[in-house]
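Participant: Need the 3D shape of this:
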Amino acid sequence: MTVANSLVFDIETVPDVELGRRLYGLDGLADGEVAKAMLALRRQDSGGEFLPLEQHRVVAISCVLRSGEGLKVWSLGDVGSPEGELIERFFDGVNRFSPILVSWNGSGFDLPVLSYRALRAGVQAPRYWETGDEDQSFRYNNYLSRYHWRHIDLMDVLSGFQARGRVSLSNVACLLGLPGKLGFSGAQVWDAYLEGNLPGIRRYCETDVLNTYLVYLRFELLRGRLTRERHAEEVERVRALLRAGAGKEPHFAEFLRVWEGDAAAGER
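Facilitator: As a prediction, this is how the structure comes out:
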């Protein structure tokens, strides 16, 4: 019964305006105007503004790593790191350590986007694409199969792999008494990016992976991989991490304050 060697991840993206210029002949327009045009064209085609996956550019990748050495929360690279470096760092970790990947909607969004962007950047990811040709242990348990366990998309698994059963991370966080979005959402990422607020985007992404990790712990309890005692120990490990970082990381302090406040309210 363990959650060691688990890597929870989340990405934040913005419209790939360079691609938009080439696709739609928008040379001469500023980035903001190109993005507006891309969203308007998408709205005409589909009725919504969610861009096709290849039109997303990754600006943040945040992770929670539970390993034998402890628990860590961070965002890959530095604030100014180019997209290719972020993606290379992510797949380099997969290549070296073969962790259990955990996500919320990673199968439907994060991993396909990372694959397209890795393709663009020329990043190598042999371990991620392994299906048993080089390592027999990947034949029946790899990252690519929807029904294997090297990648656990919690949204997909908890819905029973049924689209009508899917719910949002924020709603599940609310269901479990977790902090959720803390006043920032994915819809605000583009505006924050235009304002140069990449640190804010990275902090938001880190709170998302914290929520996802805590849902994952509850899921491991649900399927009997953690005892109640071990689950409580792992949750307390998260609290200890947040307390230790609260002085330097205000979003950790806010996450902890809301989480403990909600827990206290639930006990009344």
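Participant: what ranges do the helices span in the stretch 51-200 of the chain?
Facilitator: 83-97, 111-121, 154-158, 169-175, 189-194, 198-222 (DSSP state H, counting those that start in this stretch).
Participant: which one of these is the most hemmed in?
Facilitator: Here the criterion is mean neighbour count by mean count of other C-beta atoms under 10 Å, and of the helices of the stretch 51-200 of the chain the winner is helix 198-222, at a mean of 22. To be clear about C-beta, it is placed using only N, CA and C from the backbone, and glycine gets the same treatment.
Participant: So for the next helix or strand after that helix, what gets flagged as buried?
Facilitator: Along the chain past helix 198-222, the next helix or strand (assigned with DSSP states H and E) turns out to be helix 228-245. Of all the residues in helix 228-245, those buried under the rule 16 or more other C-beta atoms under 10 Å are Arg230, His231, Glu234, Val235, Val238, Leu241, Leu242, Gly245.
Participant: okay, those in CSV with pLDDT and distance to Glu54 next?
Facilitator: Conversion of the buried residues of helix 228-245 to CSV gives the following (pLDDT from 0 to 100; distance: C-beta to C-beta, whole Å):
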residue, pLDDT, distance to Glu54
Arg230, 97, 41
His231, 98, 39
Glu234, 98, 37
Val235, 98, 38
Val238, 98, 35
Leu241, 97, 36
Leu242, 97, 36
Gly245, 94, 36
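Participant: Export the helices of the stretch 51-200 of the chain to CSV and append columns for distance to Val59.
Facilitator: As requested, the helices of the stretch 51-200 of the chain are arranged in CSV below (distance: least, C-beta to C-beta, whole Å):
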stretch, distance to Val59
helix 83-97, 7
helix 111-121, 11
helix 154-158, 22
helix 169-175, 19
helix 189-194, 6
helix 198-222, 6
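Participant: and of those, who's closest to Leu39?
Facilitator: helix 189-194 (9.0 Å; C-beta to C-beta).
Participant: so what's the most centrally placed residue in the chain up against?
Facilitator: Nearest to the mean C-alpha position of the chain, counting by C-alpha atoms, centre = their mean, stands Asp10 at 1.1 Å. Contact partners of Asp10, counting by C-beta atoms under 8 Å, 6 or more residues apart in numbering, are Ile61, Ser62, Ser103, Trp104, Asp110, Cys205, Asp208, Val209, Thr212.
Participant: So, low pLDDT: which residues of this protein?
Facilitator: For the chain, residues meeting the criterion pLDDT under 70 lie at 1-2, 262-268.
Participant: Against Gly108, how distant is the residue of it positioned farthest from its centre?
Facilitator: Each residue of the chain has a distance to the centre, and by C-alpha atoms, centre = their mean the biggest one is for Gly28: 33.6 Å. Summarising the geometry, the distance separating Gly28 from Gly108, computed by C-beta to C-beta, to the nearest Å, is 35 Å.
Participant: still on that earlier bit, for Leu41, find the nearest of the helices of the stretch 51-200 of the chain.
Facilitator: Across those (criterion: C-beta to C-beta), the nearest stretch is helix 189-194, sitting at 15.7 Å.
Participant: Determine how far the closest one lies from the middle of the whole chain.
Facilitator: 18 Å (C-alpha atoms, centre = their mean, to the nearest Å).
Participant: Give me the contact list for it.
Facilitator: If you take C-beta under 8 Å, 6+ apart as the criterion, helix 189-194 is touched by 12-15, 31-32, 35, 59, 184, 198, 200-201, 204.
Participant: 6 Å - rerun?
Facilitator: Under the contact criterion C-beta atoms under 6 Å, 6 or more residues apart in numbering, helix 189-194 has outside partners Glu12, Val14, Gly200, Ile201.
Participant: ok, the third one - contacts?
Facilitator: Which is Gly200. Residues counted as contacts of Gly200 (C-beta under 6 Å, 6+ apart) are Ala192.
Participant: can you check the last one too?
Facilitator: Each residue near Ile201 by C-beta under 6 Å, 6+ apart is listed here: Glu12, Ala60, Val189, Ala192.
Participant: Including distance to Met155, could those residues go into JSON lines?
Facilitator: Rendered in JSON lines, the data for the contacts of Ile201 read as follows (distance: C-beta to C-beta, whole Å):
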{"residue": "Glu12", "distance to Met155": "17"}
{"residue": "Ala60", "distance to Met155": "19"}
{"residue": "Val189", "distance to Met155": "19"}
{"residue": "Ala192", "distance to Met155": "24"}
